[in-house]
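J.: what follows is a predicted protein model with its sequence.
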Amino acid sequence: MTHVPQVKKEKITAKVKKELTQFYRRLMMFESYAMLNYTGFSKILKKHDKVVGITTKDKFLKEYVDDKPFHHHTELKDLKENVEVC
C-alpha cells in the first residue's frame with residue numbers, strides 16, 4: 001500500500017468536493033428543467049382548452065405526459081439524495 005502525503009490527500013478531497021458540488025448543481029438544474037417542461041405542457045393545454053372550448057388537458061397529460069421520464073424523475077431524486085449524503 002502506498003503512502004499519500006497529507007497535502008495531496010487534502011487536494012484530492014477538495015477536488016472531489018468541488019466535482020460533487022458541480023454535479024449536484026447540474027442535477028438541480030435538470031430537475032428544474034423537467035418541472036418547467038411539465039408546467040409548460042400544462043399551461044399550453046389549459047390555453048388550448050380555453051380557446052377551443054373543450055377539456056383535453058387532463059386526458060392528454062395523463063395519456064402522453066405523466067408517464068414520461070421528464071415527469072417522473074425518481075432516478076434523479078435518488079442521485080440527488082446520494083450526493084447529499086456525501
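T.: Perfect, thanks for sending it.

J.: and the residue nearest the centre of the chain, how close does it get to K57?
T.: For the chain, the residue nearest the mean C-alpha position is E31 (2.2 Å; CA atoms, centre = their mean). Here the criterion is CB to CB, to the nearest Å. By it, E31 lies 23 Å from K57. To be clear about C-beta, it is placed using only N, CA and C from the backbone, and glycine gets the same treatment.

J.: low-confidence ranges in the chain?
T.: Along the chain, the model assigns pLDDT under 70 to residues 1-2, 4, 70-72.

J.: and the helices in it, which stretches?
T.: Using DSSP state H, the helices of the chain run over residues 6-52, 57-60, 74-85.

J.: flag every buried residue along the shortest one.
T.: For helix 57-60, the neighbour count (16 or more other CB atoms under 10 Å) marks 57, 60 as buried.

J.: picking that back up, the nearest residue to the residue nearest to the centre of the chain once chain neighbours are set aside and H48, how far apart?
T.: Nearest non-adjacent residue to E31, counting by CB to CB, 6 or more residues apart in numbering: L76, 5.7 Å away. Applying CB to CB, the value for L76 to H48 is 28 Å.

J.: quick revisit: distance of the residue nearest to the centre of the chain from Y38?
T.: If you go by CB to CB, the gap between E31 and Y38 works out to 11 Å.

J.: adding distance to D67, write the helices of the chain out as JSON lines.
T.: As requested, the helices of the chain are arranged in JSON lines below (distance: least, CB to CB, whole Å):
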{"stretch": "helix 6-52", "distance to D67": "12"}
{"stretch": "helix 57-60", "distance to D67": "12"}
{"stretch": "helix 74-85", "distance to D67": "12"}
